[in-house]
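Visitor: next comes the sequence, and after it the predicted model I'd like to discuss.
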Amino acid sequence: MFSDLSLPAEIIQAVDKAGYTHPTAIQANAIPVILDGQDLIGASQTGTGKTAAFALPILANLNKHGALRCLVLEPTRELAAQVNEHFENLGEFTNLRSTLIHGGVGYGRQTEDLRNGVDTVVATPGRLLDHIGRGNLSLDKISVIVLDEVDRMLDMGFLPDVRKILNKCPKNRQTLFFSATMPPAIQGFADWALRENPAEIEIGQRRSVPDTVNHAFYPVASDQRDDLIVALLQRTNFESVMVFTRTKKEADTLTREIKKDHPYSVTTLHSDIPQRDRTKALQGFREGRYQVIIATDLAARGLDISGVTHVFNYRVPENAEDYVHRIGRTGRAQSEGDAFTILSADELPFAESIERFIGKKIERRKLDDFPYLYTTLLEDAPARKKKKAPPRLRRRRR
């Protein structure tokens, strides 16, 4: 029970209102560590309640309204907005204040909130540095920093900005570090950012696919990729589908293709879309106004989207970790889900890399009655005729 975790009554009241009953594994393990003021490296599969695992004890430790003492850094605007919402909801019965800082919108509301005084800032790195440069906030009283989805921040090129931000914070602080993977660059950054001997918590295998997800590759000739994914949509009994593309252009093109002749309500999410429209797209998908959302990896990690019944990968992800994160958008909260990935011959090395990463062979499937063109990836494709080797010439003996 949350009441066994030494959280104050006003925090427990918000937990009850949010409908949380029992703490998840990451919450049960992380909350006592954070309450105790220790630095932490945490890893947990998506959908396990990580945000509450750090928000609840931070709110408890902040206790009452005062100076800006907590900073949470997120790689994307959507994640930042979601985390700030958690801080607002879980701190509802306290007098603590938080605000959201990210790009794509004006400075007015953000500047006003900072001048009125907040206890927590949830921010993306670029816009936060802009506000610091404008003199709108100081980090000299920060007592706790959360670095969330650090491997994603590395992928997006944010680590230099994050280093600048940390250098403006007191050295004697609590740092909470969450990353799904720990490549060498991340490990070195963690050694620099955290105090010695941080607590480490890992819930679930970082390389595992949730047991609730039924996933498979669908091999096809590369020029039939669009036709196959549309056919899969037509023949799948879904409630909501997330389709991941590799590029923003692919997302836009596929959205037009699906809208053209099919009755699905479709929306698109990527970084070139104005922030107001990105927010509307995500909210509309959450609320069921859109059946299909076509997105880049902007939506792959961390976003709290419940009830996703299917995930489609338009291409095989180049990074094996991205495959695990993408298909982890379905099969959440012990519900079953399906994840289908279109596979063409040029992507076979990526597919084999994913299989090595998760330690399992991924099933190859064919869609019945689909007019497949020949590709070597199809098991029952007609065998190519072997060319006859030219006859050897015998040397004449002299």
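Guide: Okay, I see it. Numbers count the residues shown, from 1 in each chain.
Visitor: next up, the contacts around residue 376.
Guide: residue 345 (CB atoms under 8 Å, 6 or more residues apart in numbering). From N, CA and C alone the C-beta is placed, and that goes for glycine too.
Visitor: doesn't it fall inside a helix?
Guide: No: read with DSSP: H, G, I helix; E, B strand; the rest coil, residue 376 is coil and lies in no helix.
Visitor: measure it to residue 224 for me?
Guide: 14 Å (CB to CB, to the nearest Å).
Visitor: repeat for residue 93
Guide: Taking CB to CB, one finds residue 93 at 56 Å from residue 224.
Visitor: now residue 53
Guide: From residue 53 to residue 224 the distance is 44 Å (CB to CB).
Visitor: CA atoms only: put stretch 169-178 into PDB for me.
Guide: Only the C-alpha atoms of stretch 169-178 are listed here, as PDB (Å, rounded to 0.1, in the frame of the first residue of the first chain):
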ATOM      1  CA  CYS A 169      23.000  23.900 -10.300                       C
ATOM      2  CA  PRO A 170      24.500  23.300  -6.800                       C
ATOM      3  CA  LYS A 171      26.900  20.400  -6.600                       C
ATOM      4  CA  ASN A 172      25.300  19.300  -3.300                       C
ATOM      5  CA  ARG A 173      22.000  18.100  -4.800                       C
ATOM      6  CA  GLN A 174      20.100  14.900  -5.300                       C
ATOM      7  CA  THR A 175      20.200  13.600  -8.900                       C
ATOM      8  CA  LEU A 176      17.700  11.000 -10.200                       C
ATOM      9  CA  PHE A 177      18.800   9.400 -13.500                       C
ATOM     10  CA  PHE A 178      16.400   7.400 -15.600                       C
END
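Visitor: only the buried residues of that stretch, if you could.
Guide: 169, 173-178 (16 or more other CB atoms under 10 Å).
Visitor: kindly report the same for stretch 160-170.
Guide: Neighbour-count burial for stretch 160-170 [16+ other CB under 10 Å]: 161-162, 165-166, 169.
Visitor: turn those residues into JSON lines, columns for distance to residue 25 and pLDDT.
Guide: What follows is the buried residues of stretch 160-170, written out as JSON lines (distance: CB to CB, whole Å; pLDDT from 0 to 100):
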{"residue": "161", "distance to residue 25": "32", "pLDDT": "95"}
{"residue": "162", "distance to residue 25": "27", "pLDDT": "95"}
{"residue": "165", "distance to residue 25": "30", "pLDDT": "97"}
{"residue": "166", "distance to residue 25": "29", "pLDDT": "97"}
{"residue": "169", "distance to residue 25": "30", "pLDDT": "97"}
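Visitor: list just the nearest of these to residue 101.
Guide: residue 165 (11.4 Å; CB to CB).
Visitor: more crowded one of residue 53 and residue 224?
Guide: Taking neighbours as other CB atoms under 10 Å, residue 53 and residue 224 compare with residue 53 leading, 28 against 17.
Visitor: now the residue nearest to residue 73 when sequence neighbours are not counted, what are its backbone angles?
Guide: Leaving aside its sequence neighbours, residue 73 sits nearest to residue 147 (CB to CB, 6 or more residues apart in numbering; 5.5 Å). Dihedral angles of residue 147 (phi, psi; degrees, to the nearest 10) stand at phi -110, psi 110.
Visitor: so what's residue 147 up against?
Guide: Neighbouring residues of residue 147 by CB under 8 Å, 6+ apart: 73, 153, 162, 175-179, 193.
Visitor: what about 7 Å?
Guide: 73, 162, 175, 177-178, 193 (CB atoms under 7 Å, 6 or more residues apart in numbering).
Visitor: and residue 99, by the same measure?
Guide: Counting by CB under 7 Å, 6+ apart, the residues that residue 99 touches are 110, 113-114, 118, 121.
Visitor: among these, which one has the most neighbours?
Guide: residue 121 (26 neighbours).
Visitor: in the sheet, who's paired with that residue?
Guide: Residue 121 has these beta-bridge partners by DSSP bridges: residue 71, residue 99.
Visitor: many thanks, have a good one.
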